[in-house]
Each structure stands twice: as C-alpha cells, then as structure tokens.
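Enquirer: compute the structure for the input listed below.
(one chain, ligands or ions: 1)
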Amino acid sequence: MPQVLFKVDLTKPMSEQELVGHNRWHPDIPAVASVNPGDVFRIECKDWTDGQIKNDDNPNDIRDVDLTVVHVLSGPIYVNGAQPGDILVVDILDIGALQGDEWGFTGIFAKENGGGFLTEHFPTAAKAIWDLQGIYTSSRHIPNVRFAGITHPGLIGCAPSQELLNTWNRRESELVATNPDRVPPLAALPNPQNAVLGSLKGAEFERVAAEAARTVPPREHGGNCDIKNLSRGSRIYFPVYVEGAKLSMGDIHFSQGDGEISFCGAIEMSGYIDLHVDIIKGGMEKYGMVNPIFKPGPVEPRYSEYLVFEGISVDEFTGQQYYMDAHVAYRRACLNAIEYLKKFGFTGEQAYLLLSCAPVEGRISGIVDIPNACCTIAIPTEIFNMDILPS
Ligand code: ZN
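Expert: Numbers count the residues shown, from 1 in each chain. Here you go, the predicted structure:
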C-alpha cells in the first residue's frame, strides 16, 4: 500500500480533519503536501457531500442536502517542479472503498434544491442505497439489478490561475444574469457560506472565500467532469496553471452512467485513490492543450449486450422542434428508456436512478441531419436478472 498523504476520519467534517481539504477552487488555497515527479501515493476522500447522506431508507437527507458544502476535496497536492504551461501526468493506479464504509448512494435532488437532468419530470427527492461487494453492487431500493462498478473520481483537477479564475467568474455571472431567478440556477456563483479553504484563516480566508469558484462544473482544469472512464489504470494529462500544479480530487463514484443524469447520479462514496504523477515540461503549448486529455485504463466492466434507446431534438411537452440540440435529444432518449423500464416493474424514479448510476453508454449518434440531433442511451442487458428485450 502506498504512503497515505491525505487521510480522512469519516466521523468528522472536512473542516475538522487533521489535514483540512477544500470545497472551492482558488490558486491561493495552500497545498497540504508535496510530492516529486515519479512518486506513488494514496489520497483518501470523503463522499462529495461531506457525510450528509445516511445509509437508511429515508430520502429527506437528499431533499435537505446543503449544497453550499459541496464538493469536499482532498488536496491540494503540490508537485515539485510543475510550472504553468507544463502538463501534469496523473496515473490512477487504483481506487476503492474505505474499509468499513462499503456502501454508496444515488439521489434525485428536489427541483428546488439542486434539480437534475429530468427535474421537470422528477421534481421530488429520492434515494437508493447500494451495497458494495468487491467489484459488484446491488440495492435494496432497486430490485432485480446487479452490476460491476466502473469506479472513478467524479472530480479531479489542478488549481486555476488567478486570471483563469477571473475568467470563470466573469462568464458564469454573465450567464446567470440572463435569468437570475431561475430554479435551479443557471450556474453556481461564488458563495462564501460553508467555504472550506484548507489552512487559510482571517482576512485571507474572507478574501479567497468571496471569489473562489464553486466546484460544480467541469472547466479548463478538469474538475467535476464526471467521466466514468477515468477509472483504474487511466492516465490523465492535466494543463498546469499554477506553480506546483496543486492537484485535488474527490467525489469518488463506485459507478456511473454517461451523463450522471440525476446530478447526485453516480453511486457516491468515500474511498481512496492511488496515484502516480509526472510532468511534461512545456507540454501545454507543445500539444495545443486547453482542457485535459486522457487515456482510459485497461480495466472496465465487460458488457457486450445492450438495448439502445434513441432520442431526437423535439421537446416532449410542447412538441417544439429544436435545431440540433443534443441536450434535448439525450433527454428524450433517457425518457424513452425510463418509460420502457416502467413496463418491467420499475418505478420512474427507480429507472431514473438506474440510468444515472449503472454503466450505461450515452452517445451523440448523429449531429448533422437537420433539424434533429440523434442521441442514444445504451443499457447493458446483463445487469438485469430478467429478460428485458421486447418479445
Ligand atoms: Zn459525484
């Protein structure tokens, strides 16, 4: 087992850990540890809500979740020698649950508190608890399914530069200003309430808390990309924007479907990540890099049979034709899959949760055939203990 650089005590909030992590992005959040290129080390992570969700049958904790607390991250880790313009090479050597905490949760957020991809159809909070047995999982809340996880960090990335942070804050506040009263909001702007900023204190804490970016969206540094294929064995190339790169991570998912559609949509858990890091000097310019690139690992669940649902860019409520809108088309594909699964004994909520967290494949299948984008969602039929094909 590699040396544990960041340990978590699951009985304490992130702000009371021995090393305090963070839940905002800012270049001035101090690093908690440093490593050299070539080092192998272990990072432990709390679940993204900092322990707000309980292993029980009551979804009120999902309904009442305090989203100013998310995402609690472990780090930043300072990589000696990394300079702005370099590439930080991060190998995910292993990832898994913490001993004694082998369970996870998938939630549908209430429309007034977080929402999700299908929030107009599923505005009420719901929760599924998953028991983890090695690589497999099953849930007392969604019967007749069992599958192997594709475990990955939902969120991993380096700190932004001050300039990049300013750009994020400017463009996201411009978007929110187009419809400031929308529920859920168009973007999560800086919010000092419940900010956790490592060892920062006093006036410095106040300054950083006021402008630090929320961790919700993926951005140029990676961050909350929620890509299920950043799994064991993958190699990620991150653009470096600050000295030392300041790598942080969290939001570990035991499993997730493409799109993580219900927002709290993966099987969320605490866990550990074993990493190896290296540096490519001057790599950003050499490879024209703006966002991270990655090479998936060799270890993923091997499902070979799928039932695939199509969706096109036509609104389900109004029948309005959208032009090449992949967001609308993917929503229609998901809704088609949910309606279908309801014929096999699942509730709409169970089907929505399942599409969020099972290893389903989402695709933009066609994006040139005017006026309809065509998106598809492919469900592995082997995850069900019954035949779900039409007959
Ligand atoms: Zn997550």
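
Enquirer: and residue 296, how far from the ion?
Expert: 19 Å (CB to the ion, to the nearest Å). Glycine gets a C-beta too; all of them are placed from N, C-alpha and C.

Enquirer: and that residue, what does it touch?
Expert: 229, 230, 231, 233, 234 (CB atoms under 8 Å, 6 or more residues apart in numbering).

Enquirer: next: residue 135.
Expert: 148, 149, 301.

Enquirer: swap in residue 271?
Expert: Residue 271 sits in contact with 44, 45, 95, 96, 97, 98, 151, 252, 254, where contact means CB under 8 Å, 6+ apart.

Enquirer: of all the contacts of residue 135, which comes closest to the ion?
Expert: Among the contacts of residue 135, residue 149 lies closest to the ion (CB to the ion), at 13.2 Å.

Enquirer: not counting sequence-adjacent ones, nearest residue to the closest one?
Expert: Leaving aside its chain neighbours, residue 149 sits nearest to residue 255 (3.9 Å; criterion: CB to CB, 6 or more residues apart in numbering).

Enquirer: now the helix or strand where residue 203 lies: how far from the chain's centre is it?
Expert: Residue 203 is part of helix 202-211 when elements are defined by DSSP states H and E. In terms of CA atoms, centre = their mean, to the nearest Å, the centre of helix 202-211 is found 26 Å from the chain centre.

Enquirer: one more: stretch 304-320?
Expert: Distance of stretch 304-320 from the chain centroid (CA atoms, centre = their mean) equals 24 Å.

Enquirer: now do stretch 134-153
Expert: On CA atoms, centre = their mean, the centre of stretch 134-153 falls 17 Å from that of its chain.

Enquirer: now do the same end-to-end measure for that stretch.
Expert: Counting by CA to CA, to the nearest Å, you get 17 Å between the two ends of stretch 134-153.

Enquirer: dihedrals phi and psi, the nearest residue to residue 79 once chain neighbours are set aside?
Expert: Distance criterion CB to CB, 6+ apart; nearest residue to residue 79, sequence neighbours excluded, is residue 245 at 4.6 Å. For residue 245, the backbone dihedrals (degrees, to the nearest 10) come out as phi 70, psi -40.

Enquirer: what residues are up against residue 245?
Expert: Going by CB under 8 Å, 6+ apart, residue 245 touches 77, 78, 79, 82, 86, 88, 158, 159, 238.

Enquirer: let's see it at 10 Å
Expert: 31, 35, 76-84, 86-88, 90, 157-159, 221, 238-239, 277, 279 (CB atoms under 10 Å, 6 or more residues apart in numbering).

Enquirer: same deal with residue 287?
Expert: Residue 287 touches 87, 237, 239, 280, 293, counting by CB under 10 Å, 6+ apart.

Enquirer: what pLDDT does the last one get?
Expert: Per-residue pLDDT puts residue 293 at 98.

Enquirer: show me the beta-bridge partners of the nearest residue to it once chain neighbours are set aside.
Expert: With sequence-adjacent residues excluded and distances taken as CB to CB, 6+ apart, residue 293 is closest to residue 237, at 5.0 Å. Under DSSP bridges, the beta-bridge partners of residue 237 are residue 89, residue 293.
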